[in-house]
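Enquirer: below: sequence and its predicted model.
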Amino acid sequence: MFPSIKEEVRNLLEKAAKEPVSIDDVAGSPVADICSPISFRIAKKKGKDPVLIAEEIAKRIKPTGIIKEVKAEKGYINFFLDYGKLLTPLTEVVSRGADYGRLKRRDEKIVLEHTSINPSGPVHIGRLRNSLIGDSLARILRFNGYEVETHYYVNDVGKQIAIIAQGFKEGIKPDESVVKEYKEYKDKPDFQVFFEYVASNKLFESDPGFAERVQKNIWLAENGDREALKEITDVAKKCLKGQKEIFDKLDIGFDFFDFESEYIRNNEVKSVLDFLKKSEYVRKTENGLGLDLSCFGLERRGGLSMLARSDGTSVYLTRDIAYHLRKIELGDRLINVLGEDHKFEFRELKTILAEVYGIKKPLGVVHYSFVSFEGLELSTRKGQTAPIDKLIDEAVEKAENEITKRDIASKNVAPVIGIGAIKYHILKTSPLKQILFDWDEALSFEGEASPYVQYAHARCCSILRKSKTAPDQINLSDDSLTKDEEQLILKIAKFPEIVESAGRELKPNIIATYLFELASLFSRFYKECPVLSEMEKIRDRRLLLVDSTRQTLKNGLYLLGIDAPDRM
RNA sequence: GGGCCCGUAGCCUAGCCUGGAUAGGGCACCGGACUUCUAAUCCCAACAAACAAAGAGAAGAAAUCCGGUGGUCGCGGGUUCAAAUCCCGCCGGGUCCGCCA
């Protein structure tokens, strides 16, 4: 295992400075391998010159182990590494294989909810960001040693679904123009539900009689009419079936699908209402029942966070409380992936659970900003959507074209490349940043994109394929290590730290950025450092470097949910 | 109107939580890199042929590499030895403040 370079430096510093030094006082540097600005802080405390303090500290540190040299420069303490000592740990990158970068098991179980798309139509590109972040986080957190369980909440009793169910029941014809626009997907169940939704919703808005029948059905469903409930939830199940096809294609899996209707069937929604009715925050108005959370800084326009309509049927928030009470029993920590439009509701939910229920378990959230489209206003209700189905089809087709043009890879890697490009494009941006979705950019295979990273991996594989040396006969030598080799070694050694910080900050883009940098360093190495034509000692060392790069790239891509083909 | 998020070259983005050396990448643009092939031109030569060199085009190595151009870190103030980073005020974009989910 690689020694934690930062930790080693921290120890040396602490001993020499006779002051507590945190791991964050150790950083990268433009002029050295590692540096620390710790002398500035000490200088301030003691009223001395930082330059002198740095020199004093540097003088007191005797380089040992992986540290080759320590120098004070302009008040910084600079460390230089003995890269030869980092070669042996590289063999463990290869021997740990798919586990390189995986951290020690922690005794904590995380219940991660993500995606949870309304079952009223196909998955559109905006929502894709939720699934990709969620799936990647599940992988990253598992790699961080947590036990992770992923949950998909299916909102199968909402008003939207009730509208669609009523539409099907009354035989409302789907909207012709919408069907025509998405005709290549007309046999997918999620699209069929979507077509029906557009038509029924029109009716819902224009025909009060229809709207009344919908609301009556919701009431019946919620008050024990199993048949009415089934009619509604069946529509949701149908839609979910189509959505699942897409998640299979994307290799995004869920441990559990939780149906909102369950909480009505088993009366948990009722118990939530009964419990909250007794709380000191409850208020009743002519509109229904709600909580007054203004003392927590949460005030809606009407003043209350509504729990039930005037006819007694529950609203989303109430069912969400029931759902979260259940999830809290399943793990030690909850994390939800939610769009930034849900920030307010999430705060309400969190406040109610913490303040009214007195729940202590951490309830975390990852918010992400919207993906918008130039000149395109999306509205499922009006029949305008940007289904991922289309995006995937186009990406795969583009990958096929590139393959044909270059004639160097087999066509069956096209889905891996096309889907990888989409995933990487969305994951490389930090979650809170808005994305203006640009079709060309998303499908770009050059520069900071997954095909570049995948290609570096394929190049590693290609060199290893041509090599005849068995990995266990490797002869290591640190003779004439080049700068390119050194940088590559250092980057590979940092992978576990990267995994840790991506897990701590819940940011997959940290992995994405790292992978591009690693691939970029490898590409330079590939150009500058011939491997197979070298003398035995250097060749073996470089083979090891290639093999550990390959493994690190593969593991990193895995954390983003992207496959690494051996050839392309 | 109030809350939260975002603002970094023409475009996209990392860094911000935890202040530290010259703000790190990508796209686009300009230039450079090895090999092979192609045909016309210029120079040298009395002429011809051969060879060499320079330039042009195409293909491959190469889904590559190197260099360059491009920055008021939205604006203004403050804190600090030091601010993209922290604090305050403004501007622009997003989002929320529904008996919708």
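Expert: Ah, there it is. Residues are numbered from 1 along each chain as shown, chains lettered A, B, ... in the order given.

Enquirer: and the residue most central in space within chain A, which of the three is it?
Expert: Central residue of chain A (CA atoms, centre = their mean): A:I133, 2.4 Å from the mean position. Look at A:I133: counting by DSSP: H, G, I helix; E, B strand; the rest coil, its state is helix.

Enquirer: that's a strand at A:H151, yeah?
Expert: Yes - counting by three-state DSSP, A:H151 is located in a strand.

Enquirer: ok and the residue in the stretch 51-200 of chain A nearest RNA strand B?
Expert: Per CB to the nearest atom of the strand, A:G158 is where the stretch 51-200 of chain A lies closest to RNA strand B, at 2.8 Å. Placement of C-beta: from N, CA and C, glycine included.

Enquirer: all helices of the stretch 351-500 of chain A, in order?
Expert: A:388-406, A:414-427, A:439-442, A:450-466, A:483-493, A:495-505 (DSSP state H, counting those that start in this stretch).

Enquirer: quick check: the gap between the residue nearest to the centre of chain A and A:H367.
Expert: 10 Å (CB to CB, to the nearest Å).

Enquirer: what is in contact with those two at once?
Expert: A:P431 (CB atoms under 8 Å, 6 or more residues apart in numbering).

Enquirer: and chain A, what are its domains?
Expert: Domains of chain A are assigned by automatic domain parsing as A:5-81, A:114-373, A:388-559.

Enquirer: just the helices in the stretch 51-200 of chain A please.
Expert: So, for the stretch 51-200 of chain A - with DSSP H, counting those that start in this stretch - the helices run A:87-96, A:125-143, A:159-169, A:176-181, A:189-206.

Enquirer: let me have those helices in a markdown table, adding distance to A:S480 and mean pLDDT as columns.
Expert: Below are those laid out as a markdown table (distance: least, CB to CB, whole Å; pLDDT from 0 to 100):
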| stretch | distance to A:S480 | mean pLDDT |
| --- | --- | --- |
| helix A:87-96 | 13 | 88 |
| helix A:125-143 | 35 | 95 |
| helix A:159-169 | 67 | 92 |
| helix A:176-181 | 63 | 89 |
| helix A:189-206 | 60 | 92 |
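
Enquirer: those helices: which one's closest to A:L273?
Expert: Judged by CB to CB, the one of the helices of the stretch 51-200 of chain A that comes nearest to A:L273 is helix A:159-169, at 18.2 Å.

Enquirer: flag every residue of the stretch 201-350 of chain A that's near RNA strand B.
Expert: Residues of the stretch 201-350 of chain A lying close to RNA strand B by CB under 7 Å from any atom of the strand are A:260, A:286-288, A:299-302, A:306, A:309-311, A:315-317, A:340-345.

Enquirer: which of those residues are buried, as a PyMOL select command?
Expert: Per 16 or more other CB atoms under 10 Å, the buried members of those correspond to this PyMOL selection:
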select buried, chain A and resi 260+288+306+309+315+317
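
Enquirer: need the contact list for the residue of the stretch 1-150 of chain A found nearest RNA strand B.
Expert: RNA strand B sits closest to A:F40 of the stretch 1-150 of chain A, with a gap of 2.7 Å, by CB to the nearest atom of the strand. Contact analysis of A:F40 by CB under 8 Å, 6+ apart lists A:P50, A:G75.

Enquirer: so which of the helices of the stretch 51-200 of chain A comes closest to A:K433?
Expert: Closest among those, using CB to CB: helix A:125-143, at 10.7 Å.

Enquirer: up against RNA strand B, what does the stretch 451-568 of chain A have?
Expert: A:451-452, A:455, A:459, A:505, A:507, A:509-510, A:513, A:516, A:520, A:523-524, A:526-528, A:568.

Enquirer: change it to 10 Å
Expert: A:451-456, A:458-459, A:462, A:484, A:501-502, A:504-505, A:507, A:509-510, A:512-514, A:516-517, A:519-528, A:565, A:567-568 (CB under 10 Å from any atom of the strand).
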